[in-house]
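[1] after the sequence you'll find the predicted model.
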Protein chains: 6
Amino acid sequence: MPYIDMSPAQLAEYRPAIPEPDDFDARWSATLDEARTHDLALTATPATHPLAVIDVEDVTFAGFGGDPVKAWLLRPRGATGDLPVIVQYNGYGGGRGLPHERLFWAAAGYAHLVMDTRGQGSAWGSGGHTDDASAGGAAAGPAHPGYMTRGILDFDTYYYRRVITDAVRAVDAARALEGIDGDRIVVAGGSQGGGLAIAAAGLSDVAAALVDVPFLCDIERGMDIADSDPYQEICRYLAVHRGHEREVLATLRYVDGVHHGRRATAPALFSAALRDPITPPSTVFAAYHAWGGPAEIETYRFNGHEGGECYQQERQAAFLEDLWS
Amino acid sequence: MPYIDMSPAQLAEYRPAIPEPDDFDARWSATLDEARTHDLALTATPATHPLAVIDVEDVTFAGFGGDPVKAWLLRPRGATGDLPVIVQYNGYGGGRGLPHERLFWAAAGYAHLVMDTRGQGSAWGSGGHTDDASAGGAAAGPAHPGYMTRGILDFDTYYYRRVITDAVRAVDAARALEGIDGDRIVVAGGSQGGGLAIAAAGLSDVAAALVDVPFLCDIERGMDIADSDPYQEICRYLAVHRGHEREVLATLRYVDGVHHGRRATAPALFSAALRDPITPPSTVFAAYHAWGGPAEIETYRFNGHEGGECYQQERQAAFLEDLWS
Amino acid sequence: MPYIDMSPAQLAEYRPAIPEPDDFDARWSATLDEARTHDLALTATPATHPLAVIDVEDVTFAGFGGDPVKAWLLRPRGATGDLPVIVQYNGYGGGRGLPHERLFWAAAGYAHLVMDTRGQGSAWGSGGHTDDASAGGAAAGPAHPGYMTRGILDFDTYYYRRVITDAVRAVDAARALEGIDGDRIVVAGGSQGGGLAIAAAGLSDVAAALVDVPFLCDIERGMDIADSDPYQEICRYLAVHRGHEREVLATLRYVDGVHHGRRATAPALFSAALRDPITPPSTVFAAYHAWGGPAEIETYRFNGHEGGECYQQERQAAFLEDLWS
Amino acid sequence: MPYIDMSPAQLAEYRPAIPEPDDFDARWSATLDEARTHDLALTATPATHPLAVIDVEDVTFAGFGGDPVKAWLLRPRGATGDLPVIVQYNGYGGGRGLPHERLFWAAAGYAHLVMDTRGQGSAWGSGGHTDDASAGGAAAGPAHPGYMTRGILDFDTYYYRRVITDAVRAVDAARALEGIDGDRIVVAGGSQGGGLAIAAAGLSDVAAALVDVPFLCDIERGMDIADSDPYQEICRYLAVHRGHEREVLATLRYVDGVHHGRRATAPALFSAALRDPITPPSTVFAAYHAWGGPAEIETYRFNGHEGGECYQQERQAAFLEDLWS
Amino acid sequence: MPYIDMSPAQLAEYRPAIPEPDDFDARWSATLDEARTHDLALTATPATHPLAVIDVEDVTFAGFGGDPVKAWLLRPRGATGDLPVIVQYNGYGGGRGLPHERLFWAAAGYAHLVMDTRGQGSAWGSGGHTDDASAGGAAAGPAHPGYMTRGILDFDTYYYRRVITDAVRAVDAARALEGIDGDRIVVAGGSQGGGLAIAAAGLSDVAAALVDVPFLCDIERGMDIADSDPYQEICRYLAVHRGHEREVLATLRYVDGVHHGRRATAPALFSAALRDPITPPSTVFAAYHAWGGPAEIETYRFNGHEGGECYQQERQAAFLEDLWS
Amino acid sequence: MPYIDMSPAQLAEYRPAIPEPDDFDARWSATLDEARTHDLALTATPATHPLAVIDVEDVTFAGFGGDPVKAWLLRPRGATGDLPVIVQYNGYGGGRGLPHERLFWAAAGYAHLVMDTRGQGSAWGSGGHTDDASAGGAAAGPAHPGYMTRGILDFDTYYYRRVITDAVRAVDAARALEGIDGDRIVVAGGSQGGGLAIAAAGLSDVAAALVDVPFLCDIERGMDIADSDPYQEICRYLAVHRGHEREVLATLRYVDGVHHGRRATAPALFSAALRDPITPPSTVFAAYHAWGGPAEIETYRFNGHEGGECYQQERQAAFLEDLWS
């Protein structure tokens, strides 16, 4: 894959001015306040799995609209004392899958909360288990296949308003779980999961953020240069609904990681891949440069959207160790 | 495009035995009874459009769950007397679009009711306007992008239970409109629209059916041989949800056009394209051979999924003229 | 589809200097004069079709070399008084098809003359019926598959010299038909049809032009940036005939819409699609900016070559209504 | 590339019954008689080229309709005595190119007459130089891009009637050239060239035929199983011109190599490639099995349409040496 | 992805007769004897990694030609007593990667030896570290890109002779490691890894085999029906080296899993994916049916080459538990 | 194919500064000195072939490490006096093939030495016959499929160190052959062959260089903009081996044609294709502008990687004639 975006030198200078809605904070506050009127309804029951040195619990908590959201909680068997926790969000189309699918963080000694993504989990991997229960009514208006344009004509009905709220409530849930050190909650994720981690970091109080090749950042540029889904889902929607550009862009500004990240204060470790056609590096640097707290970024010059993979895991483990040593 | 399915001789003999649920009729009766507990709430108001010799009305009626379903009603300006009506269903992903998009049937002297497809209308064409308002709760469980697998684990929550109910209610609505000859209601459609026309013909009382390259027929074979969406959406869902084959196939048997068509009694004109990779001709012949009433089929030997296009329109107009002359 | 051409701001400024042959007018005058030595031989006989509120006539007129060119003439049944007429040219590879295929303009109250394109009409749609009868001799020299390079080594033998002449004679024919208002002749078309409409507007006296995503404009740039046929047909021809660049470019300058449009005086409504890989927006803006009369342009930011489709039809109907109100 | 056609065992038995027109011989006789009313008008002038040990002449002769057809004649410099000659026809879309492009046969000691293909020579390679001068009038009716469907609605106007006539006249020309041994004229070609060699061998008196992966054999099967052009050109034409299957298939039966080869009496060496998606091996075996004279076939089990390439050249040289030793 | 291979009913009966070399056992004995003349030179040193509950050692042992082969050994931290061990081989093109990449088996309580594949490890994943040190001389003859055809003209020089020998020596190494229960050595792998597991099970004494979508089984059929690499690498090689079919097929028969599996006696759990275009299910069933010991097979009806993924891991863990309980 | 690289005006100015290793000359001297410690071991025996006017000899000489390298030597039969010789290197993946495959230069009166490329010759064409015999040990470390990354972590083990040495020794061999004019040795090649010709011209004493669309020039830019193999092989290797960018780029600087060409003094004729996605024109101009001797360049504006083909052959023959007249 050749270069398709800015050169490293251009990336280092790229700080786009993206219009921010005046009521950005007000509407998110109202959204989260509404969600918190529902009891968190947190449950964690032992899961069936073939693992010997890691324990897994099947977690449920109330997300947007009080809808039950599923997650797995993994931790080293026999751990004592409160553990730091990685709250992880998934990439687009995936679900929490099976309990034994993501073992790195628990094997590395952390508690690991893997949040399911409502309605997703059927495009790759091994499945999701969370309904987008509040999806009815106007929120189920005509949408392009996929999740990007569900309810997109208004922030109130937009799919990602619900998912980001779930992401924030997952942080609430992590804090409420037993055996967790509430001062060491880390939000993490790649691609869509990276976008959700940014939003959760901007909307709640976390200790760190691990953000890989994040989606949902500098969205309008993503729509112009990313040659693949999911950004192109929005373009195809607008190619059909020719008159709705204004409403759609207005809605998207409430979920853009550039605005959410500006509100974050925790230390962050980003990664970008310089040949990434799905979340092009410039859109990642836009969010990285806007980040409100201390931030570092690792770039992978020859990689596409897969980015650093287990190399970046190693880097992240070292980053957290440095942070807390 | 070369041949990918049976030869003409094999097609002529293809009559697959597809398991039919024992409670097929019972569950559909219950479904339609439930829908009819909601008032039809039919409205038809003049639409804005640039046409001079055709009138268009913006129609709304209550579909599944009483949800408002949109349609356009076109008829020749100044028509007098009750007109026969074509109730048309759309192909997958399309919506009713703009009022002046489909002019053939009105120009040919018919009333033409173009039903919107709930939740669709954003993948091609010029848009849809109908929410899938009953989509919340368990009906919004994890689904593959697209509409094929929404709520598919149970017939009660399945997306096409709602859409087929809408299709039947569109026939109810057509009959209730002023200036329509209730003895000459024709259901029609291509691809997904063909599948809906079959279902509507099996579940209601119509005068004829015009069924082009129908989708949703002999579905399990379609999943095995069709090399493209939408049949492959189901396969990819099952490739992720590896344990759910039984439930999914059970649900699909309630929407299979082979079963619905067997219950139809009206005359039907089918068409099939012998090089169609989306709704392969054998799946069309399965439904054609099972049809309960008199039936003819036109085959297009060199065409793919586009089938006969305006040649078939001409054939359909002649078919109806013969029927009523 | 991402952006592949200039940004909106760059498009607004794009006015390329394209060399114009000194004898551009002289050779076109000679061409049209020669064509007009042949009697127009206009005939219009009722066509067989299934329509009730629209009449269709099968029209023949003498085009380039006196060759018979076919067209359909549609008009509202029972129209009285002279009607404005839309003279429409087709996209590349299509033909006039069946009489009932294009109903919008007649349904909107206009006469509508759909010109067949000589030799074309076999790549998509439902067929053409006009021989490229003057194609023999040197005009049938070695050519790349398709129509772009037929006779391209000299303007005298070039295929589009014949087709553009047909397009001008179609305007002559429209004016000569009964029941047509000669002061309200509109030329129209998309893609190749848009290029022909521009040429016809520059070479004859029309009341308006409706030009969508036109082909054959700023051709040399099209060959450099359009990643698909038909512009690439010329490139592949030149990749084989390595020594013929000069002759080929010289011929193409006689058909470039930038030069033809500069000579037009009628009001024009253009449309361009900002993600169009076939007729990239910059080539459309080149023609729009060069247009000799008053001109407006509608842009579709998220669309490819399909452009505005029925949205643009609505816009066009309003444009004509404004023009004549 | 995996297998896409019959197994070797099935190929060995494949002898399809293809309907032959009653007047096949009559119409070809009339065609050739008509062509021979034109003087052969044979000229051969030294060509400019950079070769030292091979001489090249630029040949012109009268083909169908007396149209001038170009060819190169290569022979070893300083050859004495009458040489055997290879009359070679090109693959689809190619032309005779430059004089020094095909050196094998002259380097191997043969005279080599490379016939240009009228109208072709612009899709690959280095160009053609022969007009399809008789292409005007009804022969230039609506056709799919490419050459397969030009004038296809009637044998009289069909493109390949002209090209096959040229191929026969090339044999006449070869015999008329100085320094050629008229008893050792060999027709040869691959793909389209193979189809032309078969036809020329059936319609004239030659000493041998070298036929590689021939096109234009068992054409109707080719249209059903070949997943690429040029067979698919005919299918796409018929997908548009839905009513013309009968005329098109009737025309094609006059050019099918199965019928032409049955009339041949010279020894032939065929080759087929078992993974050939363009001229699938079964269509080659159909012609091979029908061949009227002695015939051998070489199969390349792992090759696609490129077949045996220079391995087959070696085999051919040995075949001719055996024949004449 | 639609079906491309046999139906389930056909698979259940598929038992191909594949010619076996007379000296199959003799040449493999000689090969392994030669390898074992080199000291195993086993070393295991603690690896650097970020894991807390799993220990990783960096293992080296002498493979074919005494060449050093790398592996990771993972086991639960603090495990006491001899552990059963999973000896895992990689898929084509991958390497052992980083120490923390494959955590399932260690987390499930097993020792896990991940063998690097000589020369591979640079096409996907995070890298390999083992030279194909014996690759020089005739073993480095002309080869198609990839590994399939390296030295393929003779079994002695063939790449997979070296790799299979490494696989057998990895079992030797596993048995020689401290803390391993030599009666519970399990060979395992998917795709190429599955083929190697079969060969290792046939050539050494193991307790069980876990074989997923194995490559290198019923190879000649794979070359005929698999539409992708790596089987097609061999076809492309033979498409160039047209005369070498006999030698190549002779070599491949020494590595075919059908022959190796026939010699195995340990219980095996296979898996096949019914829409797998890379290792088509019939080739898997050929090996499964030939297996010399007790065998079970899990089929994934809707999956491609990814097969059962973590579902199959769960099944494998249960299979081993059953075996030893 | 549209433009993908610089415009002609930008190309004319493009002179990149590419870091050159300090020990570039030292390491190449050492490399060649080492190779020349091996006797050239030149043999030339008559080859079997079907040609009559050209003689072919099967040549072997000692290349890198003394490994035997194969070549064909063609010359006009009966030539007297010492002939100028074209030493030709192949494109990537090809081999010397059969003796009668490349006839142009011998037919044009030159001796023609076609060098095989070690290890290659199995991806297209008709085969190679030279082992990469020195490939064992560390030179056979983990590599991406293909040849680009074999031993790439160090110049000493890099594949192209061996191949370039072979190319220089081929010049030595040409000079040592009987009947060759050692003052008129020309190195030539396209793509990889062009890169080797540049290197051979820089590292030995030749009379001219014919360099077409050369590979291995301005390599780092090639990796960034070329959208296909072989440059992308290096990128994919680095996408896996994320930490090895520095070593890989360091190695590549020893083979970059920009550095080798700077050392050349012979006249050169280059060619570049302006739409070449494999060896983009800017990388060719980088080498052309750096060339140390007199140089001309022919550009093909509409061609891709095929470039000028036999047009360029004609140009080259004229270039040599001018040079020596």
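    Everything's here; your move.
[2] so who does the nearest residue to residue A:292 once chain neighbours are set aside touch?
    Using Cβ to Cβ, 6 or more residues apart in numbering or on different chains and skipping the chain neighbours, the partner closest in space to residue A:292 is residue A:264 (4.8 Å). Where you see a C-beta, it was placed from the backbone N, CA and C, and this is true even at glycine. Contacts for residue A:264 were tallied using Cβ atoms under 8 Å, 6 or more residues apart in numbering or on different chains; they are A:198, A:201, A:202, A:209, A:291, A:292, A:293.
[3] what's the helix or strand for residue A:234?
    Residue A:234 is part of helix A:231-240, with elements assigned from DSSP states H and E.
[4] show me what that helix packs onto, helices and strands only.
    helix A:219-225, helix A:245-252 (3 or more Cβ pairs under 8 Å, 6 or more residues apart in numbering or on different chains; DSSP states H and E).
[5] is the residue nearest to residue A:292 in a helix, a strand, or coil?
    Classification of residue A:264 using DSSP: H, G, I helix; E, B strand; the rest coil returns coil.
[6] just the pLDDT at it, thanks.
    What the model reports for residue A:264 is a pLDDT of 98.
[7] picking up where we left off before, what lies in contact with the helix holding residue A:234?
    With contacts defined as Cβ under 8 Å, 6+ apart, helix A:231-240 is touched by A:143-146, A:148-149, A:152, A:215, A:219, A:222-223, A:226, A:244-245, A:248, A:252, A:278, B:95, B:121-127, C:1-2, C:275, C:300-304, C:306.
[8] report pLDDT for the residue lying closest to residue A:97 once chain neighbours are set aside.
    Computed as Cβ to Cβ, 6+ apart, the closest residue to residue A:97 that is not its neighbour in sequence is residue A:126, at 4.1 Å. On pLDDT, residue A:126 comes in at 92.
[9] go on, the one 4 residues further on?
    Residue-level confidence at residue A:130 comes out at 96, pLDDT.
[10] what separation is there between it and residue D:179?
    Here the criterion is Cβ to Cβ, to the nearest Å. By it, residue A:130 lies 85 Å from residue D:179.
[11] the more surrounded of the two?
    More neighbours surround residue A:130 than the other of residue A:130 and residue D:179, with 25 against 14 (other Cβ atoms under 10 Å in any protein chain shown).
[12] ok, residue A:190 touching residue A:196?
    No. If you go by Cβ atoms under 8 Å, residue A:190 and residue A:196 don't touch, sitting 10.2 Å apart.
[13] neighbour count winner among those two?
    Neighbours around residue A:190 and residue A:196, counted as other Cβ under 10 Å, are more numerous at residue A:196. The numbers are 34 against 26.
[14] so that one: helix, strand or coil?
    Of the three states, residue A:196 takes helix under three-state DSSP.
[15] now the one residue in the stretch 101-250 of chain A that gets nearest to chain B, nearest residue through space, not along the chain?
    As assessed by Cβ to the nearest Cβ, chain B sits closest to residue A:136 within the stretch 101-250 of chain A, at 2.7 Å. Among residues not flanking residue A:136 along the chain, residue B:136 sits closest, at 2.7 Å (Cβ to Cβ, 6+ apart).
[16] list the residues that contact the closest residue to residue A:189 other than its chain neighbours.
    Nearest non-adjacent residue to residue A:189, counting by Cβ to Cβ, 6+ apart: residue A:89, 3.8 Å away. Counting by Cβ under 8 Å, 6+ apart, residue A:89 touches A:115, A:117, A:167, A:170, A:187-189, A:192-194, A:196-197, A:200.
[17] in a markdown table, list those residues along with distance to residue F:316 and pLDDT.
    Below are the contacts of residue A:89 laid out as a markdown table (distance: Cβ to Cβ, whole Å; pLDDT from 0 to 100):
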| residue | distance to residue F:316 | pLDDT |
| --- | --- | --- |
| A:115 | 65 | 98 |
| A:117 | 61 | 98 |
| A:167 | 65 | 98 |
| A:170 | 68 | 98 |
| A:187 | 63 | 98 |
| A:188 | 60 | 98 |
| A:189 | 58 | 98 |
| A:192 | 55 | 98 |
| A:193 | 57 | 98 |
| A:194 | 54 | 98 |
| A:196 | 60 | 98 |
| A:197 | 60 | 98 |
| A:200 | 65 | 98 |
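[18] so which of these are in helices?
    Using DSSP state H, the subset of the contacts of residue A:89 located in helices is A:167, A:170, A:192, A:193, A:194, A:196, A:197, A:200.
[19] which of those lies closest to residue B:159?
    residue A:192 (23.5 Å; Cβ to Cβ).
[20] dump the residue contacts of that closest one.
    Here residue A:192 is in contact with A:89, A:90, A:91, A:92, A:117, A:215, A:216, A:230 (Cβ under 8 Å, 6+ apart).
[21] tell me where the stretch 101-250 of chain A has strands.
    A:111-115, A:180-190, A:208-212 (DSSP state E, counting those that start in this stretch).
[22] export these as a markdown table, with columns for distance to residue A:163.
    Formatted as a markdown table, those follow (distance: least, Cβ to Cβ, whole Å):
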| stretch | distance to residue A:163 |
| --- | --- |
| strand A:111-115 | 9 |
| strand A:180-190 | 12 |
| strand A:208-212 | 16 |
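[23] for residue B:158, find the nearest of those strands.
    strand A:111-115 (26.8 Å).
[24] what strands line up against the closest one, and which way round?
    strand A:68-76 (antiparallel), strand A:83-89 (parallel) (DSSP bridges).
[25] what's the angle from the first one to strand A:180-190?
    Comparing the axes of strand A:68-76 and strand A:180-190 via axes from the mean of the first three to the mean of the last three Cα atoms, to 10 degrees yields an angle of 110 degrees.
[26] what comes up buried for strand A:68-76?
    Along strand A:68-76, these residues count as buried under the neighbour rule (16 or more other Cβ atoms under 10 Å in any protein chain shown): A:68, A:69, A:70, A:71, A:72, A:73, A:74, A:75, A:76.
[27] now it: mean pLDDT?
    98.
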